[in-house]
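Trainee: 3D model of this:
(2 chains)
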Amino acid sequence: MASPNVEALSVTHVEKKKKPPARYWDGPNDGNKEGKDGEQTEQKEQQTQRATKRKQSEDQADGKDVLSGKPDPFPGPAPIPEDRLQKFKRKEKTKKPRRQNYKLKDMIARSEETSEMAQKQAARLDLLLPEDAGFLEGDEDEDTCTISQEDIADSVDISSGTKYFNLKLSQFGPYRADYSKTGRQLLLGGRRGHVACIDWQSKQLMCEINVMETVNDVKWLHSEAMYAVAQKKWLYIYDCNGIELHCIRKFNDVLRMQFLPYHFLLATASATGFLQYLDVSVGKEVAAICTKGGRLDVMCQNPHNAVVHLGHSNGTVTLWSPNQKEALVKMLCHQGGVRSVAVDKTGTYMVTSGMDKKLKVYDVRAFKVLKSYFLPAGASCLSLSQRGLLSAATGDIVQVYRDVWSTPVTKPYMAHRVQRTVWGMHFCPFEDVLGVGHGDGFTSMLIPGAGEPNFDSLDANPYRSTKQRQEWEVKALLEKIQPELISLDPTELSRVDRATFDMKHQDRVQALGFDPLAKEKFIPRYKKKGRSSAGNVERRKRKVAHEDLREDIQKSAEDKKKIEKERKQSEEKKAVLSSQKSALDRFKK
Amino acid sequence: MKVKVLSRNPDDYVRETKLDIQRVPRNYDPTLHPFEVSREYTRALNATKLERVFAKPFLASLDGHRDGVNCMAKHTRSLSTLLSGSCDGEVKVWNLTKRECVRTLQAHEGFVRGMVVRYCGASFFTVGDDKTIKHWKMEAPGYGEEVEPLNTILGKTVFTGLDHHQKDAVFATCGQQVDIWDEQRSSPIRSFTWGVDSFSAVRFNPVETELLASCASDRSIVLYDMRESAPLKKVIMTMRSNTLCWNPMEAYYFTCSNEDYNIYTYDMRYLDRPITVHMDHVSAVLDVDYSPTGKEFVSASFDKTVRIFPKDGGHSREVYHTKRMQHVICIKWSADNKYILSGSDEMNIRLWKANAAEKLGVLAPREREATDYSQKLKEKFQHHPQIRRIAHHRHLPKSLYHQTKELRVMKEARRRKERNVRKHSKPGSVPVVSEREKHVVTVVK
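Mentor: Residues are numbered from 1 along each chain as shown, chains lettered A, B, ... in the order given. Okay, here's the model as predicted:
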């Protein structure tokens, strides 16, 4: 590793003193490599020792294919920034097994090597992504939240400017909005029965119907060809021409819906307290769970693990999967009811707002509060963008916050007032656009930095043709994930199943009458020249015995330390808590 | 105020003309691809199912022999040529691409016991029940010429097997003893005996070309060095081995097919216990042949099946059978690692794919990539119970299925008894004997 440095140093040293750098247009005798090499070696004979000289000549031999005779100033592969590598990191390195297990060791080493290579290649490829994310910066003494939508629309290019628009639909409001997975199509559902789907970028109306009934929620299904509408009594499915495809009478009084795109599941929450899952690829009800949580009108999904989050009027948020009749997790988040819930794309953070006018940010992996904010008016609707911007609607004002989980936020990033109370909000995927449905129609706002700039066309391609969509649909259906695989940790399937192995091993031991994996007792080899004395043999035995035990002892010691530490922490916490007086203390004896 | 909003130029994402292919911009960010593991699992499951759907291994049946096919030989130079000898002394040369017989000759009276193609590919040797070794030209005789062997050697006793040296004009036969012959002479240059009256197979080592191994009727496998006058060593097993085959890549391993329904892989340096015991057959194993890659081998059995084993796996990965195939007597793995040829009692030679679900013919690059990808996925998730169940399921004929079950019950009973004996005797007096050690009686040097 050190050799290129040594050479570079010596070259600069020589050139500074002796002559200007060799150019190909100079005389041929200058560029004569052999002569130059000879000179260098002569000098080095005086200065350096033999070993370094050998190294030098080797390096020069290596550098022969460089035309100008200069060494490569950037030898080796280009470095990859650490954070970019981190982005593609899938797992920690596997611990190598001790001794003996040569095959396993080799296998682990190989797989580690390939995964590292994949990680590096992906990180390198990241450099070639064509688009950069949007941003908004104010001048000095100018808050970005004071910049109006009109100003932004004026100062950006025409095609982006047209993405700020208002639809005045005062007759059938308030509206719920939903963008399709690619972000090209917009679905609007007016409370008084108006349902419309629009190709919102070209402003082309795809269909417009009035279902002559209350519409509670609208949702695109897996593609832009179908959408579900939760109407007054039943759940309906329409196609993009507004033709009713199905009326599903098993799903009644649906208030909110979520579509899980990789599972082809439509999760619905009803006024009767039922959470139901509909498999839209086969049209079967997968699960119907009575949540016993009253009217369910707060719902969102965790896009990372497809767990459905429901907010209840008693302030709890419950997490559900279709495989379990009970909630996976029940969290008490607010005093008073929960008004809205949102989970970010990586499945790390959950943002909730409640009747207590608080906005809380949770780490859903650890179920801990990270930040708690007080909003004077309380947020009625929450929505998270792909790049982690949070929009919160308080009455008729839409506020957008940035970095709510990392830094304590005091001011919104952007704010905008719409005509009447906000009813539904949705960030458009892959665009810097926030769609707001309100009492007076629909507003499409420009939020710079909201959308993911680079899409993956095999997953969601906004520019796909009909043919591509059909191809994608077939592929997506082929790799539909079964609902049984929904769990809190989506990578559970790739773990080693030790429990089953232990059970099988026990059965095997029982059947065989002995343990085939048991370690053989160590018998020290007989050594000559008096080295197999009783003492020596005993010592050798002890060595191995210690080696076997060492790891266990170390581990147990570490565990003990950890437990001790946790105990101390909890004691400190208790002490802090007990020092605070509460109103209930007077009942204590 | 400085502002930038995402604004994509559609020209960068949509193809220019209909003649172009669609653009596929990728972003490998893991957050854009959720449920990685579950999706891969689903893909692996689908790939496994498809593999079972496309598993159609049987390609062709070559008929024409008028008696059971007793031995076969691969051509050393031509992939498409196969030689087969039958129980009525007839030898046929087959063209596998056309699937037809190109030449027939009456080589012996009685069985053709062994057959081997010379390393140059221009001639071949046969031995038969009529106590003769015959050397034949590969080419068919011209018009008007008679079918005559190049050379005929009349032996004293019946020959049962034959193998040719890899690069010298020397071959070995076995019968009552193992003889080494020079092609130019009519008497053996060397004869080996070790108190045995009959041998069933002899094989030259493909790498250490002077080494030989043979299976004897006294349940032993004997190793020889051609340069020495006495045999090297032998291992005696509980039952007789029928044939053996050297691993062509790691030529210190050889695999022998045994009468006790098992196949044993030995390391010739350590004969005291086999490396692996391959079980699955439910009747005597008659022949075994390695794939040219040395990773797998195929075995033919009296139970009317052909099985493919990984070289270090205890159980077969594949079993081939048809309603019409009777006892399989000889088996060969083709030199391009793609096909398996089995010769059976009912006069047919059958051509199988070595990889049952493989698509034959040239694959488009995308297709090849897709198959490679699904292969890797199958490998990754092979231990998941659902995938394992589908991948391992094989339909077996009813009789075979019941026989397997019966054998399992018998084995379980034996094990239970042994366990009980051990439980009720003094600790240490009934030691645990592993399956590998059970079948070796002794090693003699």
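Trainee: Contacts only, for A:Tyr526.
Mentor: By CB atoms under 8 Å, 6 or more residues apart in numbering or on different chains, A:Tyr526 lies in contact with A:Ser532. No exception for glycine: its C-beta is placed from N, CA and C like everyone else's.
Trainee: What of B:Asp312?
Mentor: B:Thr265, B:Ile275, B:Thr276.
Trainee: Type out the ChimeraX command that picks the buried ones from the residues you listed.
Mentor: In ChimeraX, the members of the contacts of B:Asp312 classed as buried (16 or more other CB atoms under 10 Å in any protein chain shown) are selected with the following command:
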select /B:265,276
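Trainee: can I get the contacts of B:Asp312 in a markdown table with secondary structure and distance to chain A?
Mentor: Conversion of the contacts of B:Asp312 to a markdown table gives the following (DSSP: H, G, I helix; E, B strand; the rest coil; distance: CB to the nearest CB, whole Å):
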| residue | secondary structure | distance to chain A |
| --- | --- | --- |
| B:Thr265 | strand | 16 |
| B:Ile275 | coil | 14 |
| B:Thr276 | strand | 14 |
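Trainee: quick one: the residue most central in space within chain A and A:Asn305, what's the gap?
Mentor: Among the residues of chain A, the smallest C-alpha distance to the mean C-alpha position (CA atoms, centre = their mean) belongs to A:Thr346, namely 2.4 Å. Note on A:Thr346: its distance to A:Asn305, by CB to CB, to the nearest Å, is 10 Å.
Trainee: Which phi and psi values does the residue nearest to the residue nearest to the centre of chain A when sequence neighbours are not counted adopt?
Mentor: Leaving aside its sequence neighbours, A:Thr346 sits nearest to B:Thr31 (CB to CB, 6 or more residues apart in numbering or on different chains; 5.3 Å). Main-chain torsions, B:Thr31, degrees, to the nearest 10: phi -70, psi -20.
Trainee: just B:His392 next, same as before
Mentor: Taking degrees, to the nearest 10 as the convention, B:His392 sits at phi -90, psi -10.
Trainee: likewise A:Gly189?
Mentor: Reported as degrees, to the nearest 10, the phi and psi values for A:Gly189 are phi -130, psi 110.
Trainee: dump the residue contacts of it.
Mentor: Applying CB under 8 Å, 6+ apart, we find A:Gly189 in contact with A:Tyr175, A:Arg176, A:Ala177, A:Asp178, A:Val195, A:Val215, A:Asp217, A:Val218, A:Val229.
Trainee: can you list those in TSV and add distance to A:Arg420?
Mentor: Converted to TSV, the contacts of A:Gly189 look like this (distance: CB to CB, whole Å):
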residue	distance to A:Arg420
A:Tyr175	10
A:Arg176	14
A:Ala177	14
A:Asp178	19
A:Val195	19
A:Val215	17
A:Asp217	19
A:Val218	19
A:Val229	22
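Trainee: Just send these back as CSV, with pLDDT too.
Mentor: Converted to CSV, the contacts of A:Gly189 look like this (pLDDT from 0 to 100):
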residue, pLDDT
A:Tyr175, 95
A:Arg176, 95
A:Ala177, 95
A:Asp178, 95
A:Val195, 96
A:Val215, 95
A:Asp217, 95
A:Val218, 96
A:Val229, 96
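Trainee: Any of these buried? List them.
Mentor: Neighbour-count burial (16+ other CB under 10 Å) applied to those gives A:Tyr175, A:Arg176, A:Ala177, A:Asp178, A:Val195, A:Val215, A:Asp217, A:Val218, A:Val229.
Trainee: right, and the fifth one touches A:Thr214 too?
Mentor: No. With contacts defined as CB atoms under 8 Å, A:Val195 does not count as touching A:Thr214, sitting 11.6 Å away.
Trainee: How about the residues of the stretch 351-500 of chain A by chain B?
Mentor: In this structure, the stretch 351-500 of chain A approaches chain B at residues A:430-432, A:446, A:448, A:451-459, A:461-463, A:465, A:468, A:478-482, A:485, A:490-494, judged by CB under 8 Å from any CB of the partner chain.
Trainee: And the longest helix anywhere in chain A, how far out from the chain middle?
Mentor: Using DSSP state H to define each element, chain A has its longest helix at helix A:534-579. Here helix A:534-579 shows a centroid-to-chain-centroid distance of 35 Å under the convention CA atoms, centre = their mean, to the nearest Å.
Trainee: do the same with stretch B:199-206
Mentor: The chain centroid and the centroid of stretch B:199-206 are separated by 15 Å under CA atoms, centre = their mean.
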